[in-house]
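> Here is my input; please provide its structure:
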Amino acid sequence: MHSADEKDVAYLYDGSLEGLLSAIFCAFENKVTPSDVVREWEYVPRLGQDQVVIATDISKAKRVKDMLCRRCGYEAYRCVTKVSLSGDLEAGTYAYRYVRHLVDRIRSSDCASCKRRKSCSRKGASNRSRCYTFKRFAAMGDITDPLVSPIFSIARSVDAECEKIRQFARFEHLSSESFDLWFSRINPKHSVVPLVMGHFVERFNVQPFIIFDENRDLAGVYDGNGWFMTSVTEESISKNLESLSAEERLMQYAWKTFYDTLSIDSRYNPELRRNFMPKRFWKNLTEIKEMPRTSIDNTRK
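All right, here's what the predicted structure looks like:
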């Protein structure tokens, strides 16, 4: 493997958090500074740039995770997790540079150079030891640093998207002879389903549900005991999970009627609505989307 001074290298990974951490591990292991760390399907070749496909290795990913949690704090690992789920094309590169920045800060610090050594509770420790606590928070709090600022910006964007999903996700009750569950269709900017599943598991308790990310053909499935992520196509969803229960049709019609009755046409302000509720969510909101005429007629019967 050539060094960064000799060759421009891009590391390509499978798009998962484990794949990103494996790429970071390989960069340190091979003593290479890749100019790009990108998802394999999003890579755009550059003139004179070599590409290296990094295979996902769970053991290597775990070593990077443990190192981050132990030396930099769990919040640093949490930031990398959020960045890995971001839709930003340079998310992987930002994450790699951020981890290298943290590691370099830790390596360059010891008790002798610490400004807090006089008041530190570890002042009697050996000179060979490292005090990670102070440098950990200094590295994560320096949002003016060009290597740290993108990470916090992306992490805040992912957090904001999670909050929007928690607010605007609408569940429909589906039932048939083979299943009885609640289903939600969402279209987030970032792949936030893994981050919001825990919230909805607490809400639904033992009731099975599915959250389908239609932008990525990805679904979070909860079976009443535990949840997992799976790939699923729009065709499969439409074929197998489009059977609303009679109660659900009635409730959707009642809620839509209630919403329309309370609205005041003369005070309709679409710009204000978009500020509180991004338009990309509208098509999946029961109160805003148009209900099929046949569905309304069947409900009335």
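> State whether residue 171 and residue 184 are indeed in contact, as I suppose.
Yes - between residue 171 and residue 184 there is a contact under CB atoms under 8 Å: 4.7 Å. To be clear about C-beta, it is placed using only N, CA and C from the backbone, and glycine gets the same treatment.
> Overlap in contacts, these two.
residue 209 (CB atoms under 8 Å, 6 or more residues apart in numbering).
> Tell me where this structure has strands.
Here the chain has its strands, by DSSP state E, at 8-13, 36-39, 49-53, 171-175, 180-186, 209-213, 218-222, 227-231.
> Next, format those strands as a markdown table and append mean neighbour count.
Formatted as a markdown table, these follow (neighbours: other CB atoms under 10 Å):
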| stretch | mean neighbour count |
| --- | --- |
| strand 8-13 | 22 |
| strand 36-39 | 21 |
| strand 49-53 | 15 |
| strand 171-175 | 18 |
| strand 180-186 | 19 |
| strand 209-213 | 23 |
| strand 218-222 | 20 |
| strand 227-231 | 13 |
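> Go through those and name the closest to residue 155.
strand 36-39 (17.0 Å; CB to CB).
> Can you name every helix or strand that that closest one contacts?
strand 8-13, helix 17-29, helix 91-107 (3 or more CB pairs under 8 Å, 6 or more residues apart in numbering; DSSP states H and E).
> Report pLDDT for residue 57.
Here the pLDDT value assigned to residue 57 is 96.
> One more: residue 171?
Per the predicted model, pLDDT is 93 at residue 171.
> So which bits of stretch 65-85 are buried?
Buried residues in stretch 65-85, counting neighbours by 16 or more other CB atoms under 10 Å, are found at 65, 67-68, 71-73, 76-77, 79-85.
> rewinding a little: can you put the helices and strands packed on strand 36-39 in TSV and add mean pLDDT and distance to residue 207?
Formatted as TSV, the helices and strands packed on strand 36-39 follow (pLDDT from 0 to 100; distance: least, CB to CB, whole Å):
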stretch	mean pLDDT	distance to residue 207
strand 8-13	94	36
helix 17-29	96	28
helix 91-107	88	34
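> I'd like to know which of the ones you listed is closest to residue 164.
Closest among these, using CB to CB: helix 91-107, at 18.9 Å.
> and the angle for the closest one with helix 17-29?
On the basis of axes from the mean of the first three to the mean of the last three CA atoms, to 10 degrees, helix 91-107 is oriented at 50 degrees to helix 17-29.
> Please list the outside residues in contact with helix 91-107.
Counting by CB under 8 Å, 6+ apart, 11, 13, 20, 23-24, 27-28, 33-39, 64, 67-68, 71-72, 76, 79-80, 83-84, 88, 130, 132, 135-136, 138-140, 145, 147-148, 150-151, 154 sit against helix 91-107.
> Include distance to residue 270 when you put the strands of the chain into TSV, please.
Formatted as TSV, those follow (distance: least, CB to CB, whole Å):
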stretch	distance to residue 270
strand 8-13	41
strand 36-39	35
strand 49-53	45
strand 171-175	25
strand 180-186	22
strand 209-213	26
strand 218-222	30
strand 227-231	35
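> Of all those, which one comes closest to residue 262?
Closest to residue 262 of the strands of the chain is strand 171-175 (CB to CB; 21.7 Å).
> Export stretch 240-254 to PDB, keeping only CA atoms.
Extracted C-alpha coordinates of stretch 240-254, given in PDB (Å, rounded to 0.1, in the frame of the first residue of the first chain):
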ATOM      1  CA  ASN A 240     -48.300  -8.000   1.000                       C
ATOM      2  CA  LEU A 241     -49.100  -5.100   3.400                       C
ATOM      3  CA  GLU A 242     -52.000  -3.100   1.800                       C
ATOM      4  CA  SER A 243     -54.900  -4.500   3.700                       C
ATOM      5  CA  LEU A 244     -56.300  -1.800   6.100                       C
ATOM      6  CA  SER A 245     -58.500  -3.100   8.900                       C
ATOM      7  CA  ALA A 246     -62.100  -1.900   9.000                       C
ATOM      8  CA  GLU A 247     -61.400   0.000  12.200                       C
ATOM      9  CA  GLU A 248     -58.400   1.700  10.500                       C
ATOM     10  CA  ARG A 249     -60.500   2.900   7.600                       C
ATOM     11  CA  LEU A 250     -63.100   4.300   9.900                       C
ATOM     12  CA  MET A 251     -60.500   6.100  12.100                       C
ATOM     13  CA  GLN A 252     -58.700   7.600   9.100                       C
ATOM     14  CA  TYR A 253     -62.000   8.900   7.700                       C
ATOM     15  CA  ALA A 254     -63.000  10.300  11.200                       C
END
